[in-house]
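Undergrad: Give the three-dimensional model of this entry:
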Amino acid sequence: MDAHEVNRARAKLALFVADVFASVPRKDQRAKGNCYLRGLMTDGRRKSIQAMAARLPDGNEQNLQQFVNQSTWDPVPVRRRIAERMVPLIGPDAWAIDDVSFPKDGKMSVAVAHQYCGALGKQANCQVAVSVHAVTDAASVPLQWRLFVPQEWADDPVRRRKTGIPEETGHREKWRLALDTLDELAGWGLVPPVVVADAGYGQNADFRDGLTGRGIGYVVAVRSDVTVHCCDAEPVTPPWSGNGRKPQPRYRDKPCSVAELAAGQGRPAFTEVTWREGSRGPMHSRFLALRVRPAGVRARRLAQAAATAQDGLWNGVLPEVTLLVEWPEGAETPTDYWLSNLPAGTPVAELVRLAKIRWRIEHDYRELKHGLGLDHFEGRSWAGWHHHVTLVTAAHAFLTEQRLAPKADTANSPSTRSSTPSRTC
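TA: Below is the predicted model:
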């Protein structure tokens, strides 16, 4: 948005800020929040505090620095109010879980480490955050964030003290952070219709089990080497000799990879499905859904623990889920795989629509980064990072509201235009 468009929206923005920042105790802090949001939404290549303050007529760099980096206002109630406000407006079809990286120089920015950086596609010095987004094909918004704390930071009291990491915050795997976030959102009265995630999460049997244990349906990507048993396979218990431990029930046949299972079905078994209208026309490919039982040591242990906790008995039967496979026209072999715990009989078209809806989170990341400066924060502290991310989320939510407003009926109206330099679809 240019400065004129931001000024035209100031009255609406003031009402928005009064609502979502109502938990911020001081009037001057809420005013600085309003100023910061205008800085994020105003056109400009760089969204650092210095650059934004220079562009705004009421911008004061020192005041904004203090508001973001030193002020003690709590960002969590602000994010909660944004989530409570946006979920009913969007009416999400699913919640998407993913992580996003922020390349950084040096060693003193909070939670920075040499780790896989998705933004660069390689191992690099960066911060990583886990986020949960409410998504439809038409709109989406981040609901909550968790900054990933590497093990080296959990064991470094000097850097923890300098950056202000809370004492109770330590290292937790990203999939655990995702489940923690879902639990926090549930405490706010917000529950996902379905969870979607890429293979970084879907591959993890503990993550899938955590969703199932919470009564949450999922459609998550997995790699081609995940092993499964066919749905009709049945475990058998070898006879006991009377000596030693009684043998445990086990499947007679070895599991196979989802790639082997899918390829063995043959191309004619796949059906063409169209899942949405893209910028170049209908998006379609060929899919097959099969009922399977995920195998592997971890999947077996989780199933045994669940059965034992329920009635004390373990009959060796692994839980049944749906395997969704994509084999595009012209591809020599299947290319993509998903597992879902949605009820048997869920239409293939619905599984495909949910599997593919994760594209919206990439749309969010592009807008949050390129349009709203998510990765432009130059501070080093825990509080500063969370304040900045919360303010960027608020700016994104406000723009989303304007796009969804009933009067936003033309492609060129300010309320329907993307805050990014170019349109994404």
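Undergrad: Next, the buried residues of stretch 283-303.
TA: 285-290, 292-295, 299-300, 302-303 (16 or more other Cβ atoms under 10 Å). Any C-beta I mention is one placed from the backbone N, CA and C, and that applies to glycine too.
Undergrad: which ones among those are found in strands?
TA: Judged by DSSP state E, the subset of the buried residues of stretch 283-303 located in strands is 285-290, 292-294.
Undergrad: need the buried residues of stretch 283-303 in JSON lines with distance to Pro268 and pLDDT, can you?
TA: Below are the buried residues of stretch 283-303 laid out as JSON lines (distance: Cβ to Cβ, whole Å; pLDDT from 0 to 100):
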{"residue": "Ser285", "distance to Pro268": "15", "pLDDT": "97"}
{"residue": "Arg286", "distance to Pro268": "10", "pLDDT": "98"}
{"residue": "Phe287", "distance to Pro268": "13", "pLDDT": "98"}
{"residue": "Leu288", "distance to Pro268": "10", "pLDDT": "98"}
{"residue": "Ala289", "distance to Pro268": "15", "pLDDT": "98"}
{"residue": "Leu290", "distance to Pro268": "15", "pLDDT": "97"}
{"residue": "Val292", "distance to Pro268": "20", "pLDDT": "97"}
{"residue": "Arg293", "distance to Pro268": "25", "pLDDT": "96"}
{"residue": "Pro294", "distance to Pro268": "26", "pLDDT": "96"}
{"residue": "Ala295", "distance to Pro268": "27", "pLDDT": "94"}
{"residue": "Ala299", "distance to Pro268": "30", "pLDDT": "90"}
{"residue": "Arg300", "distance to Pro268": "33", "pLDDT": "87"}
{"residue": "Leu302", "distance to Pro268": "35", "pLDDT": "91"}
{"residue": "Ala303", "distance to Pro268": "33", "pLDDT": "88"}
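Undergrad: just curious, which of the residues you listed is nearest to Arg55?
TA: Within the buried residues of stretch 283-303, distances to Arg55 taken as Cβ to Cβ reach their minimum at Ser285, with 44.5 Å.
Undergrad: quick check, nearest of the ones in strands among the buried residues of stretch 283-303 to Ala405?
TA: Of all those, Ser285 has the smallest distance to Ala405: 34.2 Å, by Cβ to Cβ.
Undergrad: who's in contact with the closest one?
TA: Contacts for Ser285 (Cβ atoms under 8 Å, 6 or more residues apart in numbering) come out as 272-273, 326-329.
Undergrad: Can you name the helix or strand that Gly316 falls in?
TA: Using DSSP states H and E, Gly316 sits within no helix or strand.
Undergrad: Need phi/psi at it.
TA: When read as degrees, to the nearest 10, the backbone of Gly316 gives phi 80, psi 0.
Undergrad: Which residue, neighbours along the chain excluded, lies closest to it?
TA: Nearest non-adjacent residue to Gly316, counting by Cβ to Cβ, 6 or more residues apart in numbering: Pro249, 2.8 Å away.
Undergrad: if I read this right, that neighbour contacts Ala307, doesn't it?
TA: No: judged on Cβ atoms under 8 Å, Pro249 makes no contact with Ala307 at a distance of 10.8 Å.
Undergrad: Can you check which residues contact both of those two?
TA: Contacts common to Pro249 and Ala307, judged by Cβ under 8 Å, 6+ apart, are 314-315.
Undergrad: Give me the domain ranges for the chain.
TA: 3-75+361-404, 90-190, 218-238+247-357 (automatic domain parsing).
Undergrad: mind giving me a markdown table with these and columns for distance to Asn204?
TA: As requested, these are arranged in a markdown table below (distance: least, Cβ to Cβ, whole Å):
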| stretch | distance to Asn204 |
| --- | --- |
| domain 3-75+361-404 | 18 |
| domain 90-190 | 5 |
| domain 218-238+247-357 | 9 |
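Undergrad: Am I right that Gln402 falls within a helix?
TA: Yes: counting by DSSP: H, G, I helix; E, B strand; the rest coil, Gln402 is found in a helix.
Undergrad: so what pLDDT did it get?
TA: In the prediction, the pLDDT value recorded for Gln402 is 93.
Undergrad: my read: it touches Ala9, true?
TA: Yes: look at Gln402 against Ala9 with Cβ under 8 Å: they come within range, at 6.8 Å.
Undergrad: hang on, the earlier thing: which of the ones in strands among the buried residues of stretch 283-303 lies closest to Pro75?
TA: The nearest member of these to Pro75, counting by Cβ to Cβ, is Pro294 at 37.8 Å.
Undergrad: Show me the beta-bridge partners of the closest one.
TA: Counting by DSSP bridges, Pro294 is bridged to Val228.
Undergrad: so where's the stretch 201-350 of the chain uncertain?
TA: For the stretch 201-350 of the chain, no stretch is flagged by pLDDT under 70.
Undergrad: change it to 90
TA: Residue ranges of the stretch 201-350 of the chain with pLDDT under 90: 233-253, 277-280, 296-297, 300-301, 303-317.
Undergrad: Outside of stretch 70-77 itself, which residues are in contact with it?
TA: Under the contact criterion Cβ under 8 Å, 6+ apart, stretch 70-77 has outside partners 23-26, 29, 383, 386-387, 389-390.
Undergrad: Just the buried subset of the residues you listed, please.
TA: 24, 29, 383, 386-387, 389-390.
Undergrad: ranges for the strands of this structure?
TA: Counting by DSSP E, the strands of the chain are 94-103, 113-117, 122-135, 140-147, 195-197, 218-222, 227-230, 235-236, 250-251, 256-257, 271-278, 281-294, 321-326, 336-340.
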